[in-house]
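> coords please:
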Amino acid sequence: MTRPGGMIHLYALVSHEEEYVPVLRTFPLKKLEHRYVRSYSPDRFHVVYDIIRG
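Modelled structure (predicted):
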């Protein structure tokens, strides 16, 4: 993990951009952002989740 206030960059292969948001919100977070990185296949793509630990 990281210290409180530290940032984690999580890269994931997903079928929709907010696929992991509900799971990530179960952890103590200060901030959660996500963005599209690149296409992988017609129905899958890479996203990055920037997580600031609470």
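> need the residues that contact stretch 28-40.
With contact meaning Cβ atoms under 8 Å, 6 or more residues apart in numbering, stretch 28-40 is reached by 5, 11, 13, 17-18, 20-21, 24-25, 45-54. For glycine as for every other residue, the C-beta is placed from the backbone atoms N, C-alpha and C.
> now, of those, which are buried?
Among the contacts of stretch 28-40, the ones that count as buried by 16 or more other Cβ atoms under 10 Å are Y20, F45, V47, Y49, I51, R53.
> and those residues, which two are furthest apart?
F45 and R53 (25.6 Å; Cβ to Cβ).
> what segments of the chain are helices?
21-24 (DSSP state H).
> now the residue nearest to the spatial centre of it, nearest residue through space, not along the chain?
Central residue of the chain (Cα atoms, centre = their mean): Y49, 2.2 Å from the mean position. Leaving aside its sequence neighbours, Y49 sits nearest to L10 (Cβ to Cβ, 6 or more residues apart in numbering; 4.3 Å).
> measure how buried the one you found is and give me the count.
13 (other Cβ atoms under 10 Å).
> isn't it up against V48?
Yes: applying Cβ atoms under 8 Å, one finds L10 in contact with V48, separated by 6.9 Å.
> and the longest strand for the chain?
strand 29-41 (DSSP state E).
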